[in-house]
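Asker: No sequence on hand, only this structure:
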């Protein structure tokens, strides 16, 4: 039996229109019959000079876990082949979440009563591992041939999602804020 939240999640996946059957199927496996308490569906489309890339992130909150699903277009080796996609889910126990960080982009901050969130960046970190992004280091001298080693950045294991009203609309922003509130409350209880 589907709960109201599960029905609304499915309706949002259908509305997003990015392989809704695939996304619903992989989320169903990851949710594993737990009751859905809150969710956020965030489709993104990006462009480069020649191609369009689609991506969807879905976050589902249950009593004990945060399930994150990512679906991307898969690069095809044959242009005549049917489209392909990669779907990944990760389930994180709420007790493993180390932080929920919310960055509000606010318009007219000097007018406290009129200040309005225009965008929200939701960052969730968990676990003890971190990823390292390394690149060769250099200096400003174009003629320098010395080995300057590497430079890099450590990023905690987690997920980050940005929703902006000018791009995705007020409804998407309000949904992100509501989900962030539910996730913050759920992690406070753990």
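Answerer: All right, it came through fine. Here the structure is a predicted model, which is why all the values come from computation and not from measurement.

Asker: Based on its surroundings, how many neighbours for residue 49?
Answerer: A count of nearby residues for residue 49, using other C-beta atoms under 10 Å, gives 4. In this view, the C-beta of every residue, glycine as well, is placed from N, C-alpha and C.

Asker: And for residue 31?
Answerer: Neighbour tally, residue 31, other C-beta under 10 Å: 20.

Asker: Enumerate every residue touching it.
Answerer: 60, 62, 67 (C-beta atoms under 8 Å, 6 or more residues apart in numbering).

Asker: and if we set it to 10 Å?
Answerer: Contacts for residue 31 (C-beta atoms under 10 Å, 6 or more residues apart in numbering) come out as 6, 9, 39, 60, 62, 65, 67, 69, 89, 91.

Asker: again, but for residue 178
Answerer: Per C-beta under 10 Å, 6+ apart, neighbours of residue 178: 38, 39, 40.

Asker: With residue 28 instead?
Answerer: 6, 10, 89.

Asker: Where does the closest residue to the first one other than its chain neighbours sit: helix, strand or coil?
Answerer: Of all residues beyond its chain neighbours, the one nearest residue 6 is residue 36 (4.7 Å), with distances taken as C-beta to C-beta, 6 or more residues apart in numbering. Using DSSP: H, G, I helix; E, B strand; the rest coil, the three-state assignment for residue 36 comes out as coil.

Asker: Same question for residue 175.
Answerer: helix.

Asker: Ok, the one 4 residues further on next?
Answerer: Here residue 179 is recorded as helix under three-state DSSP.

Asker: which residues touch it?
Answerer: 38, 39, 40, 41, 42, 59, 60, 61, 120, 122, 161, 163.

Asker: Tell me the one of the residues you listed nearest residue 180?
Answerer: Of all the contacts of residue 179, residue 180 sits closest to residue 122, with 5.2 Å by C-beta to C-beta.

Asker: Against residue 135, how distant is residue 83?
Answerer: 32 Å (C-beta to C-beta, to the nearest Å).

Asker: returning to what we had before: please check the contacts of residue 178 and keep the buried ones.
Answerer: Restricting the contacts of residue 178 to buried positions leaves 38, 39, 40, with burial counted as 16 or more other C-beta atoms under 10 Å.
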